[in-house]
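Asks: please work out how this folds:
(chains A and B)
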2 protein chains.
Amino acid sequence: MGSISGDVVINKQVIFKNFVEGFPKETDMYLKTSSISLNVEEGSNAVLVKNLYLSCDPYMRTQMTIYENPTDLSSFVPGTPIEGFGVAKVVDSANPDFKKGLFKINHTDVPLSYYTGILGMPGMTAWAGFFEVCAPKKGEYVYVSAASGAVGQLVGQFAKLMGCYVVGSAGSKEKVELLKNKLGFDDAFNYKEENLVSALKRCFPKGIDIYFENVGGKMLDAVLLNMRNRARIAVCGMVSQYNLSKPEGVHNLMLLLEKRIRMEGFVVFDFFHQYSKFLDTVLPSIRDGKIVYVEDVAEGLENAPAALVGLFNGRKVGKQVVIVSRK
Amino acid sequence: MGSISGDVVINKQVIFKNFVEGFPKETDMYLKTSSISLNVEEGSNAVLVKNLYLSCDPYMRTQMTIYENPTDLSSFVPGTPIEGFGVAKVVDSANPDFKKGLFKINHTDVPLSYYTGILGMPGMTAWAGFFEVCAPKKGEYVYVSAASGAVGQLVGQFAKLMGCYVVGSAGSKEKVELLKNKLGFDDAFNYKEENLVSALKRCFPKGIDIYFENVGGKMLDAVLLNMRNRARIAVCGMVSQYNLSKPEGVHNLMLLLEKRIRMEGFVVFDFFHQYSKFLDTVLPSIRDGKIVYVEDVAEGLENAPAALVGLFNGRKVGKQVVIVSRK
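Replies: Numbering: from 1, shown residues only, chains lettered A, B, ... in the order given. Okay, here's the model as predicted:
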């Protein structure tokens, strides 16, 4: 926000142009600059916030499509700003639940950007999906696709803390190294350079107990061929399908039956009532250095469209954050 | 068994010729006649049984294929008899657990053939799949495919006893009438004569809570489009896929995520320890006429190949039984 005069400042927005087919492009959005008043009307119950950190997440691609049957996540409205999660500071408030100048965040000894990632929606997603949906046991074999992403990197670390054997896949040599050397995965492979079925057989000679599904399509088919009896699949996302006009067919579902596999979709919103329990588990591990978190940071709202598009072309590494302002 | 001389009798077997591609044909099997002795060697622990009723079940098709990775159900061995479930009488025994002339069946006031169906593997399958895997609640919307079959007809009746709304699909007008008029389904449709998605939307304007999956492929894709939040799919079988060299692709799995659907494969063998609990539940309902069971009976072992093949061409109605001998 740049000051114009008094309490009126310049405000930037990333506007969604129109519904998208195929991969999203930077030109599907544009930056709009206008001015807003920094004061809210008394008695209005309104809150005015200043965004500091914004989150770019793959699920946002699904909101760029218009659906015949609306889901929980409503589509973006063409001509209006892209919506998402973020960390914001209260600038003015006529709402008793939000105090001017304060955060609704209790723990500020960790980076504030973490609340878009490890301590925010992606962190809760990893935690709920792994612990609540997969019901892991010590010693089990865990596979995570899109493993260096905002969610995947945490699933792998949660699995290691649980005493599981964890393998991840990602789409570059750099990311594979990150998984093995920084994020503590037992093994990792580049899904772009190997036959998926062979790679999974090599990494899991005894098969997979838990698959944390972020990718869908061919990846799911390959995983199904290498699962153990009573395996579980937590369906967190299917990012390989989001940019297709018709999703790929998955052919190996008969194995659900033969191997008694449970495959379960989940939505993180259903678990937000457990947020404080989640924080109590994860915060100490961050402070003790038992969990690390890799962020890919874009500086400035004007770089947000590129950051969002970068989720789907393999460019970003780790959790994509946009820094609008540091304070 | 026809008597030859003394304790040697003629014995017939249905021999499996070779592994099958596509739909099985009667000529994939042949009848072999030989003679056997009616006595077992003392001290051998052996049991000699006379088969009375034999079961023909769709899962047997999967045993007609050879697999790279063997499953629990081993493939049939070419040149040897087709294996399956049945009701048999102990003719001779050197095994203390089996007494000559007696059944291992405690309740013989119901038709003995029921132990190949409603009181046997298909009955346990319906019971375990519906109550244990689907965890139904009163008032929920239940859909059963292949609903007039050995398992489906029971799932529908269990669901009605539970206070659910139940719709079934089947492949002929006759079967649809059976579902509605004899088996107590609230509604039914012929999957060969309607668009699946439209038929399901018409039968379930509020969507489906529970899908008992017997069919797979296109049916599953259509069901996924019409499920409610937190729906469950018990994967019991995928009979539409058994005769394909490559299974169809299922395209709508993203809905698992959006709708938080749990899809779970199960194998009845895992539930056999609950057999007496199952009998205690189901026997009274049979005696009280609260559950009925439709059987399609083939007379004579020589008609067994046609009966088995008939599972896949829509010819049989209800549970397919082969009567080898009535006593």
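Asks: contacts only, for A:Y67.
Replies: A:Y67 sits next to A:S75 when contact means Cβ atoms under 8 Å, 6 or more residues apart in numbering or on different chains. The way it works is simple: take the backbone N, C-alpha and C, and place the C-beta from them, glycine included.
Asks: show the pLDDT at it.
Replies: Listed pLDDT for A:Y67 reads 80.
Asks: helix or strand: which one has it?
Replies: Of the helices and strands defined by DSSP states H and E, none includes A:Y67.
Asks: what's the residue in chain A that chain B sits nearest to in contact with, if anything?
Replies: Across chain A, the shortest distance to chain B (Cβ to the nearest Cβ) belongs to A:G249, at 1.4 Å. By Cβ under 8 Å, 6+ apart, the contact set of A:G249 is B:248-251.
Asks: gap between it and A:F98?
Replies: 48 Å (Cβ to Cβ, to the nearest Å).
Asks: repeat that for A:V267.
Replies: 26 Å.
Asks: give me the element A:K32 is part of.
Replies: Counting by DSSP H and E, A:K32 is found in strand A:29-37.
Asks: in its sheet, what does that strand sit against?
Replies: When pairing is defined by DSSP bridges, strand A:29-37 lines up against strand A:8-16 (antiparallel).
Asks: may I see the buried residues of stretch A:47-60?
Replies: Of the residues in stretch A:47-60, A:47-48, A:50-60 count as buried by neighbour count, 16 or more other Cβ atoms under 10 Å in any protein chain shown.
Asks: most widely separated two among the residues you listed?
Replies: Of all pairs drawn from the buried residues of stretch A:47-60, the one with the longest distance (Cβ to Cβ) is A:L48 and A:P58, at 29.5 Å.
Asks: now the contacts of A:G249 in CSV, with distance to B:S148, pLDDT and secondary structure?
Replies: Shown next, in CSV, are the contacts of A:G249 (distance: Cβ to Cβ, whole Å; pLDDT from 0 to 100; DSSP: H, G, I helix; E, B strand; the rest coil):
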residue, distance to B:S148, pLDDT, secondary structure
B:E248, 23, 96, coil
B:G249, 27, 97, coil
B:V250, 24, 98, strand
B:H251, 27, 97, coil
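Asks: nearest to A:R262, of the residues you listed?
Replies: B:V250 (16.6 Å).
Asks: tally of neighbours for that closest one?
Replies: 22 (other Cβ atoms under 10 Å in any protein chain shown).
Asks: just give me the neighbour total for A:S325.
Replies: For A:S325, using other Cβ under 10 Å, the count is 13.
Asks: could you do A:L311 as well?
Replies: Neighbour count for A:L311, taken as other Cβ under 10 Å: 23.
Asks: check contacts around the residue lying closest to it once chain neighbours are set aside.
Replies: Sequence neighbours aside, A:P58 is the residue nearest to A:L311 in space, at 5.3 Å (criterion: Cβ to Cβ, 6 or more residues apart in numbering or on different chains). Counting by Cβ under 8 Å, 6+ apart, A:P58 makes contact with A:149, A:214, A:237, A:239, A:242, A:311-312.
Asks: A:V267 and A:F98: which has the busier surroundings?
Replies: The residue with more neighbours, out of A:V267 and A:F98, is A:V267; 20 against 17, by other Cβ under 10 Å.
Asks: I'd say A:F204 and A:V142 touch.
Replies: No. In this structure A:F204 lies outside contact range of A:V142 using Cβ atoms under 8 Å: 9.5 Å.
Asks: shared neighbours, those two?
Replies: Residues touching both A:F204 and A:V142 (Cβ under 8 Å, 6+ apart): A:V167.
Asks: tell me which of those two has more neighbours.
Replies: Just comparing A:F204 and A:V142: by other Cβ under 10 Å the higher neighbour count belongs to A:V142, 27 against 20.
Asks: got the confidence number for that one?
Replies: At A:V142, pLDDT is 98.
Asks: following the host helix or strand of it, which helix or strand shows up next?
Replies: Per DSSP H and E, A:V142 falls inside strand A:141-144. Next in sequence after strand A:141-144, counting helices and strands by DSSP H and E, comes helix A:152-161.
Asks: which outside residues touch that following helix?
Replies: Residues contacting helix A:152-161 (Cβ under 8 Å, 6+ apart): A:118, A:122-123, A:126-127, A:129-131, A:136, A:142, A:144-147, A:166, A:168, A:170, A:179, A:183-186, A:210, A:212, A:214, A:285, A:290-294, A:318-319.
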